[in-house]
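# Show me the folded form of this:
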Amino acid sequence: MRTLALALPETMLEQTRASIRANYAMVAASRSRIAASRRRLNPAFAITGGGESDDLRAIVRARLATGALFPLQSTRAWASYGEDNPCAVCRESITRAQVEYEVSSAVLDTTVRTHLRCYMLWKEESQSPPRPRRRPIDADDDGRTPRLA
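Alright, predicted model coming up:
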């Protein structure tokens, strides 16, 4: 009878340890699912690669260079929920679940609407000095194709 009493606690200890390991695994899985849900609900929380914002930054630079976007220097901006208006930067619709920036230019007497991320990139690019264009240099002495400066 004593052997049964001693064996029972060891079995209970093993079961308890197994339950604790299973609980830790469930907690870890729950945390990753919560984080994934937050990223899906608000994509601004996600850490993303540089490709998408680099593409958007190139769009902002091109539109600033051509005059399609005005520099954000003497402007005012108001934030509110989107109203399904097109973004002046990326041309996508600003949904009611997204933040919409209404940007007014005192110089041009115009108002445009943008996504929060588009506005932030537009603001950064408006403050940075213009980049020089890369142009071909004359062909090398051996007649090969020109290289870029």
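# how about low-confidence regions in the protein?
Within the chain, the ranges that satisfy pLDDT under 70 run 1-8, 32, 36, 38-40, 42-52, 128-149.
# Show me it divided up by domain.
2-43, 50-127 (automatic domain parsing).
# Give me whichever of those is most buried.
Across the domains of the chain, averaging neighbours per residue (mean count of other CB atoms under 10 Å) puts domain 50-127 on top, at a mean of 15. Glycine gets a C-beta too; all of them are placed from N, C-alpha and C.
# residue boundaries of the helices in the chain?
Applying DSSP state H to the chain gives helices spanning 2-41, 50-66, 116-127.
# right, and those helices - which one's nearest residue 75?
Each of the helices of the chain has some distance to residue 75 by CB to CB; the shortest is helix 116-127, at 8.7 Å.
# In the sheet, which residues pair with residue 79? Tell me.
Here residue 79 sits in beta bridges with residue 101, going by DSSP bridges.
# CSV for the helices of the chain, including distance to residue 72?
Converted to CSV, those look like this (distance: least, CB to CB, whole Å):
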stretch, distance to residue 72
helix 2-41, 29
helix 50-66, 9
helix 116-127, 4
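# closest one to residue 105 among the ones you listed?
Of all those, helix 116-127 comes closest under CB to CB, at 11.1 Å.
# how about that closest one as CSV, C-alpha atoms only?
C-alpha atoms of helix 116-127 as CSV (Å, rounded to 0.1, in the frame of the first residue of the first chain):
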residue,chain,number,x,y,z
LEU,A,116,-1.8,58.7,-42.8
ARG,A,117,1.2,56.8,-44.2
CYS,A,118,1.1,58.7,-47.5
TYR,A,119,0.9,62.0,-45.6
MET,A,120,3.9,61.1,-43.5
LEU,A,121,6.0,60.1,-46.5
TRP,A,122,4.9,63.2,-48.4
LYS,A,123,5.9,65.4,-45.4
GLU,A,124,9.3,63.7,-45.2
GLU,A,125,10.0,64.1,-48.9
SER,A,126,8.8,67.7,-48.8
GLN,A,127,11.4,68.5,-46.1
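# contacting residues around it?
For helix 116-127, contacts defined as CB atoms under 8 Å, 6 or more residues apart in numbering pick out 44, 53, 56-57, 60-61, 64, 69, 71-73, 77, 79, 87-90, 98-101, 103, 114.
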